[in-house]
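*Asks:* Provided below are the primary sequence and the corresponding predicted coordinates.
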Amino acid sequence: MFSFFKRFKGSKTPDGTPEASQTDSGSDVDTQDVVAPAAPGTPSSSSKPARDTQPAPDSADAPEFDPDYVPSAADFEDADEEVEIIPPPQPEAAAKRTWLTRLRSGLSKTSSSITGIFVGTKIDEELYEELETALLMSDAGVDATEYLLEALREKVRTERLTDPQQVKGALRALLVDLLKPLEKSLTLGHYQPTVMMIAGVNGAGKTTSIGKLAKHMQNFNQSVLLAAGDTFRAAAREQLAIWGERNNVTVVQQESGDPAAVIFDAVGAARARKINVVMADTAGRLPTQLHLMEELRKVKRVIGKAMDGAPHELLLVIDANTGQNALAQVKAFDDALKLTGLIVTKLDGTAKGGILAAIARQRPVPVYFIGVGEKVEDLQPFSAEEFSDALLG
């Protein structure tokens, strides 16, 4: 596995974080059905235990001040670090090749229509017209397509490119520059717990993505609790419970009722147990269903009452196969909830891989992860360079 996160280290919660309290209604985690993990024990927290404080030395035994003393590295070995940045683990070469192969295979329908343009041709107006058609067919959108073509024409002119493969390389560089702002690492450990609310339309892959993401976090020693906030679809609770058993993660759920109450209790349980991450599933809904969008706003407000500043991450899961409709979803959910990140699923076999270019131009919400299959390892952090290489073949 070679996904990575940034993680803040330390056992203290941020200043201003309130202690867990009872609500007027008497909500408590004991009122919910808690699905225990299949195996005993829960994932261990990554927070370091506080060290015993040593008594201050007697003034008579205190060392004298030496103005010529120079501290050595050993003097700082036990110093607490406020922030620790975990670098990306070095993946095995075979694992890296496997992921890139799956990514290229998944985007092959999109890339085949683009790469063929640069074979056995010359740089003329016909090439630009064919490229425009291919980009539009990939759902890059009019705005992104015009931007890329205009920038490409200028690059060809100023750099005096004469070979079609050089033009293809120039297009790749422009695409990387366009997508780079979407590339962002997920930050963990700054809050105890980090509360993540996951939204999306029906069938986008929310519940499956939550299960995969939980496994990724466990690989970085993050304890996880799942909240089954989709109280409308019984299969969603069952599916989340299966992922919980598979990953040895506790799931807080309720047969029916208010999803906000379920998630509220889950956050309270996580704070009491000192869990690192809470991931809250929500029911699928269309942006046009205004009453359901208002319910999402309510869930967000209730989470904020359970813990100041929460939810810390508000993620939208979108299906790449929906193309421009996915862009409309990003705009609508962002307007309603102020999204912090995206998870783009089902990139395997889609001909609409250009949708990320449209998102970058129209609503550049960071893309935390992309998915190209059903396996846990098929969900990986988004890389602008890897994606551009796969998209252009």
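*Replies:* Thanks, I have the structure now.

*Asks:* Stretch 167-183: which residues count as buried?
*Replies:* Judged by neighbour count (16 or more other Cβ atoms under 10 Å), stretch 167-183 contains these buried residues: 167-168, 170-172, 174-176, 178-179, 182-183. In this view, the C-beta of every residue, glycine as well, is placed from N, C-alpha and C.

*Asks:* Equivalent analysis for stretch 267-275, please.
*Replies:* Going by 16+ other Cβ under 10 Å, stretch 267-275 has these buried residues: 267-271, 275.

*Asks:* Determine which two of those residues are furthest apart.
*Replies:* Gly268 and Ile275 (10.8 Å; Cβ to Cβ).

*Asks:* Angles on the backbone of Arg157, please.
*Replies:* phi -70, psi -50 (degrees, to the nearest 10).

*Asks:* Actually, Val262.
*Replies:* The phi/psi pair for Val262 (degrees, to the nearest 10) is phi -60, psi -50.

*Asks:* Strands along the protein, start to end?
*Replies:* Along the chain, counting by DSSP state E, strands occupy 6-7, 33-35, 187-188, 194-200, 224-229, 250-253, 277-282, 313-319, 341-345, 367-371, 379-381.

*Asks:* Mean neighbour count and mean pLDDT added to these, as JSON lines?
*Replies:* Supplementary listing: the strands of the chain in JSON lines, determined by neighbours: other Cβ atoms under 10 Å; pLDDT from 0 to 100:
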{"stretch": "strand 6-7", "mean neighbour count": "19", "mean pLDDT": "47"}
{"stretch": "strand 33-35", "mean neighbour count": "16", "mean pLDDT": "49"}
{"stretch": "strand 187-188", "mean neighbour count": "19", "mean pLDDT": "86"}
{"stretch": "strand 194-200", "mean neighbour count": "26", "mean pLDDT": "97"}
{"stretch": "strand 224-229", "mean neighbour count": "29", "mean pLDDT": "96"}
{"stretch": "strand 250-253", "mean neighbour count": "24", "mean pLDDT": "93"}
{"stretch": "strand 277-282", "mean neighbour count": "28", "mean pLDDT": "96"}
{"stretch": "strand 313-319", "mean neighbour count": "25", "mean pLDDT": "97"}
{"stretch": "strand 341-345", "mean neighbour count": "26", "mean pLDDT": "97"}
{"stretch": "strand 367-371", "mean neighbour count": "23", "mean pLDDT": "95"}
{"stretch": "strand 379-381", "mean neighbour count": "22", "mean pLDDT": "93"}
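
*Asks:* could those strands be laid out in a markdown table, adding distance to Thr207?
*Replies:* Formatted as a markdown table, the strands of the chain follow (distance: least, Cβ to Cβ, whole Å):
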| stretch | distance to Thr207 |
| --- | --- |
| strand 6-7 | 25 |
| strand 33-35 | 14 |
| strand 187-188 | 21 |
| strand 194-200 | 9 |
| strand 224-229 | 9 |
| strand 250-253 | 11 |
| strand 277-282 | 6 |
| strand 313-319 | 9 |
| strand 341-345 | 11 |
| strand 367-371 | 13 |
| strand 379-381 | 13 |
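
*Asks:* which stretch among those comes nearest Arg153?
*Replies:* Nearest to Arg153, of the strands of the chain and by Cβ to Cβ, is strand 367-371 at 27.5 Å.

*Asks:* Please name every helix or strand in contact with that closest one.
*Replies:* helix 206-218, strand 341-345, strand 379-381 (3 or more Cβ pairs under 8 Å, 6 or more residues apart in numbering; DSSP states H and E).
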